[in-house]
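J.: Sequence first, predicted coordinates after that:
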Amino acid sequence: MSTYNVTKLPIVLASASPRRLQLLEQIGIAPQTVIATDIDEAPVKQELPRVYVQRLANAKAVAAQQIEGTVPFILAADTIAAAGRRILNKTSERQVAKKHLNLLSGRRHRVYTSVILMNTQTGKISSRQVCSMVQFSRLSEKQLEHYLDSEEWKDKAGSYAIQGIAASFIQAVSGSYSNIVGLPLFETAQLLRGHGLIL
């Protein structure tokens, strides 16, 4: 991806995701620093997906502030896939990924991202939450095993990457595409504009 005309902003990106860094670069933005936060990502019992994703984004922002409190702004985000009320979180286990993909096969699901922008000097927090709908085709056993063999699913919400091989399984998307990749760019830019960080 081209780094032409990328502006470095006085923000910490509280994310271990290389995809979020690439997405910011796509709209000409680079954070001053990146921090991979270590938070407990276990859902609370009966927690709704939209509540869960908001809680985790907030927790990442707070954790990043404790590590790096000198940069004026912290940008944090969390993305999940949800089948009904069921949260399909990231996994490194093949069997869990197979369960996720079998659940998504032939049906629609939602992808939620919550984005937080924290002003570390005033404590003010601005946030946006975005929901996109994804329609999966029905996967054959051969398609499923081939995809699992690729290991592209590792550390991906819902156990797939829309920007990769899994694009061949997706019939339709309703809403923000960049949200499904991991960061809704329009809403993120609106947060940054609201704080006078970009035009």
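T.: Done, it's in.
J.: can you pull the buried residues of stretch 28-42?
T.: 29, 31, 34-35, 37 (16 or more other Cβ atoms under 10 Å). For glycine as for every other residue, the C-beta is placed from the backbone atoms N, C-alpha and C.
J.: In strands only, show me the residues you listed.
T.: Judged by DSSP state E, strands contain the following of the buried residues of stretch 28-42: 29, 31, 34-35.
J.: re earlier: L191: which of the buried residues of stretch 28-42 is nearest?
T.: I29 (11.5 Å; Cβ to Cβ).
J.: List the residues that contact that closest one.
T.: Each residue near I29 by Cβ atoms under 8 Å, 6 or more residues apart in numbering is listed here: 6-7, 9, 192, 198.
J.: do you know how far it is from T113?
T.: Relative to T113, I29 is positioned 17 Å away (Cβ to Cβ, to the nearest Å).
J.: what are the ranges of the helices in this protein?
T.: For the chain, the helices defined by DSSP state H occupy 18-26, 49-67, 94-104, 141-150, 177-181, 185-194.
J.: So which of those is the most surrounded?
T.: Among the helices of the chain, judged by mean count of other Cβ atoms under 10 Å, the one packed with the most neighbours on average is helix 177-181 (a mean of 22).
J.: Quick one: residues contacting L148.
T.: 94, 97-98, 101.
J.: what's the pLDDT at it?
T.: Looking at L148, its pLDDT reads 98.
J.: What separation is there between it and K45?
T.: Taking Cβ to Cβ, one finds L148 at 29 Å from K45.
J.: can you give me the offset of stretch 41-51 from its chain's centre?
T.: Relative to its chain's centre, stretch 41-51 lies at 16 Å (Cα atoms, centre = their mean, to the nearest Å).
J.: Leaving out the residues flanking it, which one is nearest to G175?
T.: Leaving aside its sequence neighbours, G175 sits nearest to S132 (Cβ to Cβ, 6 or more residues apart in numbering; 3.4 Å).
J.: From P184, how far off is that neighbour?
T.: S132 sits 8 Å away from P184, going by Cβ to Cβ.
J.: and if you look at H100?
T.: Distance from H100 to P184, counting by Cβ to Cβ: 22 Å.
J.: on that earlier part again, will you turn the helices of the chain into CSV that also has distance to A167?
T.: As requested, the helices of the chain are exported to CSV (distance: least, Cβ to Cβ, whole Å):
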stretch, distance to A167
helix 18-26, 14
helix 49-67, 23
helix 94-104, 14
helix 141-150, 11
helix 177-181, 10
helix 185-194, 18
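J.: Great, nothing more from me.
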